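>>> fold the following, please.
(one chain, ligands or ions: 2)
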Amino acid sequence: MSESSNRTVETRLRAAVESAPSGLLMTDADGRIVLVNREVERLFGYSREELLGQPVEMLIPMRDRERHPDYRRGFRGDPRVRAMGAGRDLHGRRKDGVEVPVEVGLTPVATPEGLFVIGAVVDISARKEAEAEQRRTAEQLRQAQKLEAVGTLAGGIAHDFNNVLGAILGYAELLELELSDLPIAREDAREIIVAAQRGRDLVQQLLAFSRQQDTARGPVEVPAIVTEVYQLLRASLPSSVHLSVESEDGVEPVLANATSLHRIVMNLATNAAHAVPSGGDVCIRVQRRFVQEPHARANPELREGWYTMLSVRDNGSGMNAETVARAREPFFTTKPQGTGTGLGLSVVHGIMQSHGGALEIESTVGAGTEVRCYFPQLNTAGAERATSA
Ligand SMILES: Nc1ncnc2c1ncn2[C@@H]1O[C@H](COP(=O)(O)OP(=O)(O)OP(=O)(O)O)[C@@H](O)[C@H]1O
Ligand SMILES: [Mg+2]
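Numbering: from 1, shown residues only. Ligands and ions are numbered 1, 2, ... in the order given. Got it, this is the predicted structure:
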């Protein structure tokens, strides 16, 4: 081959290496970098000048650096084309210290100066991220299916129970009337009525949980619902519980089911009141909130945008991390048997989900709890439904 056609071949080879989609780097017999392409510069954040002549270990996370010269020796002892670190998760270390998951193919090249190695480095962070996302989605789906099964079951039972309780209540009320001349027997009938009413409340929770009631929706003014619940609760809570309401001016109505909203406020405020058994503060607030991307990313139910936020805060016992993690599970309760059913928060969570909203629990043991419900603002909710339909 003539000198000039040699040069042409070399130019073409250089161009091919340079524009290869994989990072290509070559190391000499001592493991020093002698060639890199553009993708290596991009992937690791170093310039070519910073890399050439340096030990290849500079691209490897600290924890693997020490072992790497041994691996290199092993490769020289049995040089053949192969994947590096088969079966292990490999990472490259960028100049800024960030680790990138990679796959590396190794090719030995015999040269007069000893055995050189070409490493082809592929950035697999997008694939890893997609795999992780897939796992998260599968887990969420599994959780949703589990909840749905429990919901269907609970809903079925609750429905039948509701009829039974209706009969008990009806007859007990008749009995109470008929026993007007027998005060003691009349008292007993009253007890039956009270117990049946408690049962009916429970059944209502179950029905709400299975979402069989949650149908009619319209624009709902959250502050109005909060005031209603405030009045109901104020009368029933001991005076040592200081209950307050703060509604920001101009909060937009949310597209919701008024009964469901009522239930949310009731369940959250009841929990908060239970958390301050010997007195404390419970504050119910309604605000407009813009959720930013980093915050949204931390909660799979949230997306960046405007929300109407309903929050209930108390300065009570608080929850440890394990309780926070399990609090929205149906039937999870830390209350003594016969007092809590463990449905309160799961109902709230279910309602929030069916409204395209999100639930957030923040709690510190000994300091208190804030539970936040994010309702998508009306126009956003409409847009979302249109795109997901
Ligand atoms: N504000 C709060 N402060 C401290 N712990 C709370 C608070 N809210 C909920 N929890 C914890 O979460 C658990 C589950 O709450 P959830 O409302 O679902 O059920 P419950 O209150 O135990 O029973 P139910 O509401 O059905 O009567 C509670 O048992 C409690 O441990
Ligand atoms: Mg509760």
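>>> where does the stretch 1-150 of the chain dip in pLDDT?
1 (pLDDT under 70).
>>> revised request: answer the last question for the stretch 251-389 of the chain.
Ranges of the stretch 251-389 of the chain meeting pLDDT under 70: 379-389.
>>> switch to 50 and redo it
Within the stretch 251-389 of the chain, the set of residues satisfying pLDDT under 50 comprises 380-389.
>>> can you pull the residues of it lying near ligand 1?
267, 271-272, 275, 314, 316-319, 323, 327, 332-335, 340-346, 369 (C-beta under 6 Å from any ligand atom). The C-beta positions use only the backbone N, C-alpha and C, and glycine is treated the same way.
>>> out of these, which are inside strands?
Counting by DSSP state E, these place 314, 369 in strands.
>>> what number of residues lie near E191?
Around E191 there are 10 other residues, counting by other C-beta atoms under 10 Å.
>>> wasn't it part of a strand?
No: the assignment for E191, made by DSSP: H, G, I helix; E, B strand; the rest coil, is helix rather than a strand.
>>> quick revisit: of the residues of the stretch 251-389 of the chain next to ligand 1, list those near ligand 2.
Counting by C-beta under 5 Å from the ion, 271, 344 from these sit close to ligand 2.
>>> got a quick PyMOL command for the buried subset of the residues of the stretch 251-389 of the chain next to ligand 1?
Selecting only the buried entries of those in PyMOL, with 16 or more other C-beta atoms under 10 Å as the criterion:
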select buried, resi 267+271+272+275+314+316+317+318+319+323+327+332+333+340+341+342+343+344+345+346+369
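>>> in helices only, show me the residues of the stretch 251-389 of the chain next to ligand 1.
267, 271-272, 275, 323, 344-346 (DSSP state H).
>>> how close does whatever residue of the chain ends up closest to ligand 2 sit to V286?
Across the chain, the shortest distance to ligand 2 (C-beta to the ion) belongs to G344, at 2.7 Å. Applying C-beta to C-beta, to the nearest Å, the value for G344 to V286 is 20 Å.
>>> can you tell me what sits against the host helix or strand of D70?
In the assignment (DSSP states H and E), D70 maps to helix 68-77. Under the contact criterion C-beta atoms under 8 Å, 6 or more residues apart in numbering, helix 68-77 has outside partners 29, 31, 56-57, 60, 84-85, 106, 108, 115, 117.
>>> now that helix: buried residues?
Neighbour count says helix 68-77 has 72, 75 buried, by 16+ other C-beta under 10 Å.
>>> what lines up beside the helix or strand following that helix in the sheet?
Counting by DSSP H and E, the next helix or strand C-terminal to helix 68-77 is strand 82-83. Neighbouring strands of strand 82-83 in its sheet, by DSSP bridges, are strand 99-111 (antiparallel).
>>> residues from the protein in reach of ligand 2?
So the chain meets ligand 2 at 271, 344 (C-beta under 5 Å from the ion).
>>> now do the helices in the chain.
Using DSSP H, helices in the chain cover 3-19, 38-44, 48-51, 62-65, 68-77, 125-178, 183-209, 222-236, 258-275, 293-298, 321-326, 344-354, 378-388.
>>> can you check which of those helices gets nearest to G250?
For those, the distance to G250 is smallest for helix 222-236, at 10.3 Å, taking C-beta to C-beta.
>>> check contacts around the closest residue to the residue of the chain closest to ligand 2 other than its chain neighbours.
Nearest non-adjacent residue to G344, counting by C-beta to C-beta, 6 or more residues apart in numbering: N267, 4.1 Å away. For N267, the contact set (C-beta under 8 Å, 6+ apart) comprises 344-345, 347-348.
>>> and N267, how far from D281?
18 Å.
>>> residues in contact with L302?
Counting by C-beta under 8 Å, 6+ apart, L302 makes contact with 291, 295-296, 358, 374.
>>> try 6 Å this time
291, 296, 358 (C-beta atoms under 6 Å, 6 or more residues apart in numbering).
>>> ramachandran angles for it?
Dihedral pair for L302: phi -100, psi 150, per degrees, to the nearest 10.
>>> can you give me the domain assignment for the chain?
3-123, 135-213, 214-389 (automatic domain parsing).
>>> highest mean neighbour count out of those domains?
domain 214-389 (a mean of 17; mean count of other C-beta atoms under 10 Å).
>>> measure the closest residue to ligand 1 within the chain to L106 for me?
Per C-beta to the nearest ligand atom, G344 is where the chain lies closest to ligand 1, at 2.4 Å. Remark: distance between G344 and L106 (C-beta to C-beta) = 58 Å.
>>> same question, A298
According to C-beta to C-beta, A298 and L106 sit 39 Å apart.
>>> check L43 too.
17 Å.
>>> same question, E173
Using C-beta to C-beta, E173 is found at 84 Å from L106.
>>> residues contacting the nearest residue to V117 once chain neighbours are set aside?
Closest residue in space to V117, ignoring its immediate chain neighbours: T27 at 5.1 Å, by C-beta to C-beta, 6+ apart. When contacts are counted by C-beta under 6 Å, 6+ apart, T27 touches 33, 56, 117.
>>> JSON lines please, covering those and showing distance to S354.
What follows is the contacts of T27, written out as JSON lines (distance: C-beta to C-beta, whole Å):
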{"residue": "I33", "distance to S354": "57"}
{"residue": "V56", "distance to S354": "55"}
{"residue": "V117", "distance to S354": "58"}
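>>> sounds good, over and out.
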